[in-house]
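Visitor: Structure for the following, please:
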Amino acid sequence: MKLIVLVAAASLIAAVSPAPGAAQSGPETNQVAVAYGDLDLTKPAGQATLDKRLARAVERVCDPGWTRSVRVATQTRACIAQKHAELATVRARLIADAWSENSASDLAARQR
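Guide: Modelled structure (predicted):
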């Protein structure tokens, strides 16, 4: 199964209202797996579906839950922007790999 695992520090959640005197056992993370093995990334429809899945994953991994904190809202927007920037490179590589696999399959079929 082909997956992208999206990870973000959960420090946003802790920034909302850390419990006084609560022991921190280390940095927590939020992670979301995005499946893409069922998509044909050489087609615009497959790419659009991947984009939707990635956008939902970014929202889920960066969402600290409901808050009125301006600081947390700012951190959330920064997390979303950072994850979209990181995923742009991953997305481009996945599409390039799909085209390479498709070309290799076509070449092998012609050589038979």
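
Visitor: Give me the mean pLDDT for stretch 7-23.
Guide: Computed over stretch 7-23, the mean pLDDT rounds to 45.

Visitor: I meant stretch 40-49, not that one.
Guide: 96.

Visitor: Quick one: end-to-end length of it, please.
Guide: Here the two ends of stretch 40-49 are set 10 Å apart, with distance taken as Cα to Cα, to the nearest Å.

Visitor: ok, residues contacting that stretch?
Guide: Contacts of stretch 40-49 with the rest of the structure, by Cβ atoms under 8 Å, 6 or more residues apart in numbering, involve 39, 50, 94, 95, 97, 98, 99, 102. For the C-beta atoms, the positions are set from N, CA and C on the backbone; glycine is no exception.

Visitor: And the helices in the protein?
Guide: Remark: helices assigned in the chain by DSSP state H are 11-16, 44-62, 70-111.

Visitor: closest one to residue 2 among those helices?
Guide: With respect to residue 2, and counting by Cβ to Cβ, the nearest of those is helix 70-111 at 8.4 Å.

Visitor: Show me what that closest one is packed against.
Guide: strand 3-9, helix 11-16, helix 44-62 (3 or more Cβ pairs under 8 Å, 6 or more residues apart in numbering; DSSP states H and E).

Visitor: now with 10 Å?
Guide: Helix 70-111 sits against strand 3-9, helix 11-16, strand 29-35, helix 44-62, with contacts defined as 3 or more Cβ pairs under 10 Å, 6 or more residues apart in numbering; DSSP states H and E.

Visitor: Please compute how far it lies from its chain's middle.
Guide: Taking Cα atoms, centre = their mean, to the nearest Å, one finds the center of helix 70-111 at 9 Å from the center of the full chain.

Visitor: Report the mean confidence score over it.
Guide: Mean pLDDT, helix 70-111: 85.

Visitor: rewinding a little: which one of the helices of the chain lies nearest to residue 31?
Guide: Within those, the stretch nearest residue 31 is helix 44-62; the backing value is 6.6 Å (Cβ to Cβ).
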